[in-house]
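**Q** could you work out the structure for the sequence below:
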Amino acid sequence: MIKQLNKVTELRVSYKANLAEMPIIHGSKNSYEVLKHFFPFETIQLQEIFVVMYLNKLNRVIGVYPASIGGLDKTIVDLRLVLAVALKSLSTSIILSHNHPSGSLKPSQNDIGITAKIKQAAKLIDIEVLDHIILTTGVNRYFSFADEGLM
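**A** Next up is the predicted model:
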């Protein structure tokens with residue numbers, strides 16, 4: 001029995017943040033300005049990417065995680081990964097984002113559904129979903145769920 005216990009993987013958690021380099025998020029425009037750098041210009045019209053921004057209690061950006069890279073018009077988001085990163089980074093809130101290769105800023109039913117699903121799951125672990133930003137090509141071309149009352 002003791003021999004079997006030696007084969008169990010040991011988990012370690014570490015956390016080291018550099019507060020001096022963490023921007024503070026004040027709204028959708030500010031979120032967009034940070035997030036747009038995580039969508040490669042070369043492929044923003046080719047494939048859908050789902051990116052999550054993780055924030056601390058003061059709305060400082062802890063980090064950004066590319067949660068999913070998909071195809072021409074959809075991507076599969078695993079909410080377990082989204083929330084696992086939130087827990088690992090000690091985030092108190094998150095901002096969801098993805099691009100629409102078509103250029104449309106209108107959220108689809110799937111966009112609305114995944115937002116609600118992540119929001120509901122995050123609430124169970126006291127993490128707030130502040131916004132969901134849809135980006136496309138062009139200057140300041142984004143849609144904010146929060147600004148439009150969809151959060």
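**Q** dump the residue contacts of the residue nearest to the spatial centre of the chain.
**A** Residue closest to the average C-alpha location in the chain (Cα atoms, centre = their mean): V52, at 1.2 Å. If a contact means Cβ atoms under 8 Å, 6 or more residues apart in numbering, then V52 has 64-65, 67, 82, 85-86, 94-97 as its contacts. For glycine as for every other residue, the C-beta is placed from the backbone atoms N, C-alpha and C.
**Q** which one's the longest helix in the chain?
**A** helix 109-124 (DSSP state H).
**Q** residues of it that come out buried?
**A** For helix 109-124, the neighbour count (16 or more other Cβ atoms under 10 Å) marks 111, 114-115, 118-119, 122 as buried.
**Q** what's that helix packed up against?
**A** Contacts defined by 3 or more Cβ pairs under 8 Å, 6 or more residues apart in numbering; DSSP states H and E place helix 109-124 against helix 79-88, strand 93-99, strand 128-135.
**Q** make CSV out of those and add mean pLDDT, distance to D73 and mean neighbour count.
**A** Listed next are the helices and strands packed on helix 109-124 as CSV, based on pLDDT from 0 to 100; distance: least, Cβ to Cβ, whole Å; neighbours: other Cβ atoms under 10 Å:
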stretch, mean pLDDT, distance to D73, mean neighbour count
helix 79-88, 95, 20, 16
strand 93-99, 98, 11, 25
strand 128-135, 98, 13, 22
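**Q** could you verify my assumption that P107 touches I133?
**A** No - the criterion here is Cβ atoms under 8 Å, and P107 misses it with I133 at 10.4 Å.
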